[in-house]
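Enquirer: model the following, please.
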Amino acid sequence: MVPCKANRSLPFFDSHVMETYIDDQRELKAKIYQVFRANSDLLPSVEEGLTKEEHRALVRRQLRALLAAGFNPLEYFARDLKAYFYFAECLAMVDASLMVKSGVQYSLWGGSVLNLGTERHRRAYFDDIAAFRLPGCFAMTELKHGSNVAALQTEAVLDVLTDEWVIHTPDEGAIKWWIGNAAEDGRMATVFARLKVPDPSGSMPNALDPDVQAAASSSKSSGKGAGKQGGPSVGKPKGGPAAEAKAGLVDHGVHAFLVPLRDAQGALMPGVEIHDCGYKVGLNGVDNGAIRFTHVRVPRAHLLDRFGTVDKSGRYSSPLPSQARRFAATLGELTGGRVGLCAGSVGVLKGALTIAVRYCAQRQQFGPPDSPEVAVLDYQSTQMKLIPTMASCYGLHFAKSFLVDRYCAMKRAKGDARLTEEVHALSAGLKAYTTAYTQVALGTCREACGGHGYAAVNRLGALRSDHDIFLTFEGDNTVLLQQVTALLLKEYRTQFSGAPISSTLHFIGQLAASSLPNNPLVTHETDPRHLRDPSFLTKALEYRTARMLFTLSLRLRKHTPRLGAFQAWNKCLAHVLDLANAYMESVIYKCMLRASEGCMDADCRASLRVLSEVFALNAVSSDMMFRNDEYIAPAKAKAIQRLLVALCSELRGVAVPLVNAWAIPDHILRAPIGILAGAGVADMYKEYLLAIGFDV
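Expert: From the prediction side, this is the model:
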């Protein structure tokens, strides 16, 4: 290994000045972290040594300590969303299980009551949810259905004689699965179920009609657990829609219902069966459970009826004209969960990079003959691992802030369909890109720290295990990326109708349909000033998105007549996913560019500018499309790679101040190899030895 000497150095800057620019809520962070400084027993050195019961008890204590200190996450969620998402990011490095537990209680459970219910639901439950007196669940996912929410099978059938909903799990595949807070704490749940009412045009007046029961008795629900507690079976009749119609029920699709799970003493309610999902790869501080309902009765008023209501006679009404619109509106109100995961994922990435960069800046290995060993971060190989990752982390931080601002604007606008659609796509794409990138980066950080990165006490393993599921919950990444591409295709087609295109997608109208040959002078230009020019980098990333969109549209048009829309989409699926990721990289770069241009401190601005260049150049260099499409000639591709190496070398000198600007205190980081080196290299090893048990 040969240490890499910087071609030139970036100006050194004060990390506190950078922190002040990139973090306008740092005072809230200091207050949150002070709670744990004052209660050090809430911060175990090794998470993996806890049983799931111990970890769950610890997370409950952590959450209650925050509440006792005056923090009110549900109040943030209702009135200050920017603070709420920042709160989530801060908790991610305390314990990812705490972040998720808080998210389940306040964003999912509390958020569903606030966003899907009406004022009477808010008045009835807000204070108890906020104080954690009413722990709750968000019961959407089923054993056989996760991403395909529209196909959920749990039923809610109205009994018009008693004015109650009968909540029922018709078969094992409909058991609610992976439900956070369910295994131990949850006393009530928002249950997503198919709303069914008696057909007003049929002869069956209610769900208790004998013929309805007879039809239901032939369903798959009639065997296991049916009739143990609660009323008679009202499961989905065997035979599908025809049998459903025969039973005299109208299915209005998936809606949300409030269903009690346990009484005040913690005993399960009649008809509710819950089992612990057991140990998981990570997040064992969250009590995930599986729930089966057997004819559980709840009042008609327990329907969260913002988008659809049912009167005492069973008549359904909604301000939205179609089931598809109601379903979209319901899921649209849950977008905030994705925003929170972006914040939490960025928080985890900041923590891992802080550990890795500080360690590699101090750890010394090899060196020239008869000379001192050099820092691992001085090697080009380490720089090419960590510096682009750090650049991406800054990019994801600025993109997350942009998303939060757009989400808050959407909530204020209340009904702006264009903005809602834009935020939906942005949150879906950024959640998918951020969590996927962070998961890979966590492995990179562990590897960069060598064997010491494998020690549980240094936390990289726990961070990687806990974060793994971020790729799946709140929307599987593969599904979310398809939603992004679907919007891009819609906007692409919009330009031909003359309708206005969303401001963030204006370049589609300029470039998507263009197949003009590239300018050979630009294609072969290798001067570093050109390669670092924001105009070139912006146009290159926009060109990639637009070109991929144009070719995808052609492919779908070619395959759809022969294969049908579903199979044509599946045939192009890799293209679909690549397009969404390409679009997100374009968005992230623009966020970085705006952030660097807006920084008033010249020294900080210089580093932010180079970080943005590294991000964009890395995106261009790693995508063969630019070369295959003759947008970049081979000589230019080599020049870009050389420039990347040089820029990473420049950033090496400010790498430690750049991670220090994230200001994660040592008592929260809790990684001996990643402590802030105030007194030199010896501190790192001393802390590590103490953590292992040596008397030093």
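Enquirer: residue closest to the middle of this structure?
Expert: Central residue of the chain (C-alpha atoms, centre = their mean): residue 341, 3.2 Å from the mean position.
Enquirer: which helix or strand contains that residue?
Expert: The secondary structure element spanning residue 341 is helix 336-362 (assigned by DSSP states H and E).
Enquirer: just how off-centre is that helix within its chain?
Expert: Distance, stretch centre to chain centre, for helix 336-362: 13 Å (C-alpha atoms, centre = their mean, to the nearest Å).
Enquirer: skip ahead from it and say which helix or strand is next.
Expert: Downstream of helix 336-362 (by DSSP H and E), the next one is strand 364-365.
Enquirer: so which elements touch that next one?
Expert: Secondary structure elements in contact with strand 364-365, counted by 3 or more C-beta pairs under 8 Å, 6 or more residues apart in numbering; DSSP states H and E, are strand 374-375. (Glycine included, C-beta is placed from N, CA and C.)
Enquirer: if we can go back for a sec, now do the contacts for the residue nearest to the centre of the chain.
Expert: With contacts taken as C-beta atoms under 8 Å, 6 or more residues apart in numbering, residue 341 has the following neighbours: 103, 431, 434, 435, 470, 473, 474.
Enquirer: let's see 7 Å
Expert: With contacts taken as C-beta atoms under 7 Å, 6 or more residues apart in numbering, residue 341 has the following neighbours: 431, 435, 470, 474.
Enquirer: which pLDDT does the model give the first one?
Expert: Just to be clear, that refers to residue 431. Reported pLDDT at residue 431 in the predicted model: 97.
Enquirer: also the third one?
Expert: Looking at residue 470, its pLDDT stands at 97.
Enquirer: strands of the stretch 301-450 of the chain, start to end?
Expert: Assignment of strands within the stretch 301-450 of the chain using DSSP state E, counting those that start in this stretch yields the ranges 309-310, 316-317, 364-365, 374-375.
Enquirer: the last one pairs with which strands, parallel or anti?
Expert: Listed by DSSP bridges, the sheet partners of strand 374-375 and their directions read strand 364-365 (antiparallel).
Enquirer: deepest in the core, which of the strands of the stretch 301-450 of the chain is it.
Expert: Comparing those by mean neighbour count (mean count of other C-beta atoms under 10 Å), strand 309-310 ranks first with a mean of 19.
Enquirer: got phi/psi on residue 270?
Expert: Note on residue 270: its backbone torsions stand at phi -60, psi 130 [degrees, to the nearest 10].
Enquirer: let me redo that: residue 25
Expert: Listed backbone geometry of residue 25 is phi -120, psi 20, with angles given as degrees, to the nearest 10.
Enquirer: likewise the one 3 residues further on?
Expert: Dihedral pair for residue 28: phi -70, psi -40, per degrees, to the nearest 10.
Enquirer: ok, it to residue 343 distance?
Expert: When C-beta to C-beta, to the nearest Å is applied, the distance between residue 28 and residue 343 equals 13 Å.
Enquirer: quickly list what's touching both of those two.
Expert: With the criterion set as C-beta under 7 Å, 6+ apart, the overlap between the contacts of residue 28 and residue 343 is residue 86.
Enquirer: give me the more crowded residue out of those two.
Expert: Of the pair residue 28 and residue 343, residue 343 is the one with more neighbours under other C-beta atoms under 10 Å, namely 26 against 18.
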